[in-house]
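Student: predicted model and sequence below, questions to follow.
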Amino acid sequence: MRKKTERPPKVTPLAENARIPRSVGLRLRWLKRRRRTGVLFHCTRRTTYRSATWKWSIVSVELGGRTLCSLDDTHVRHSRFTGVPPGTHVLGFRVIRGRRSRGTYFEQKVDLAAGDVFLALCEPAQPDVFYRKSPSEDTWRYRLIRSDTALGPLP
């Protein structure tokens, strides 16, 4: 359930020919070969040269109020896969910050068939990073990859 102080992030569907991180593409191929059904979640963070900051964030995917998977500042380059049974689900995507008014949340209805993978890529705002400036707002890109969809060459 969305808290009153959270605001909506920038959300866009991921085009079929859009570039994705190589590690995510390899993991996606592995999942498709094994006909796994679920959510593949990746968070792109820029590493900072500063020490701990109050601008930290936790990025998570939720199903029915239960957290399926989450990534924080210690998991910079990892992706997470969580198996979800086939069917229609309402997934929640949340970025939690130290100050609740800076957090974001949105929901997406997903209809998964056996072997489908829902790919969610997040790039949270990181105001303390100067090199390769981060976006000014949390950005989510998503795409449902059907079991019969052929994946093109990896970037």
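Tutor: Cool, got the structure.

Student: got the residue ranges for the helices in this protein?
Tutor: 22-33 (DSSP state H).

Student: buried residues in the longest strand along the chain?
Tutor: For the chain, the longest strand by residue count, based on DSSP state E, is strand 87-97. Neighbour counts over strand 87-97 (16 or more other CB atoms under 10 Å) mark 89, 91, 92, 93, 94, 95, 96, 97 as buried. C-beta: built from backbone N, CA, C; applies to glycine.

Student: same check on stretch 103-121?
Tutor: Applying 16+ other CB under 10 Å to stretch 103-121 flags 103-106, 108, 110, 112, 115-121 as buried.

Student: quick check, nearest of the residues you listed to residue 69?
Tutor: residue 120 (9.7 Å; CB to CB).

Student: give the bridge partners for that closest one, please.
Tutor: Beta-bridge partners recorded for residue 120 (DSSP bridges): residue 41, residue 142.

Student: quick check: it vs residue 98, distance?
Tutor: As judged by CB to CB, to the nearest Å, residue 120 and residue 98 stand 23 Å apart.

Student: could you do residue 123 as well?
Tutor: From residue 123 to residue 98 the distance is 19 Å (CB to CB).

Student: compare these two and say which is more crowded by neighbours.
Tutor: Ranked by neighbour count (other CB atoms under 10 Å), residue 123 and residue 98 place residue 123 first, with 20 against 12.

Student: and the strands in this protein, which stretches?
Tutor: Counting by DSSP E, one finds strands in the chain at the ranges 10-13, 38-43, 57-63, 66-71, 79-83, 87-97, 104-112, 117-123, 139-145.
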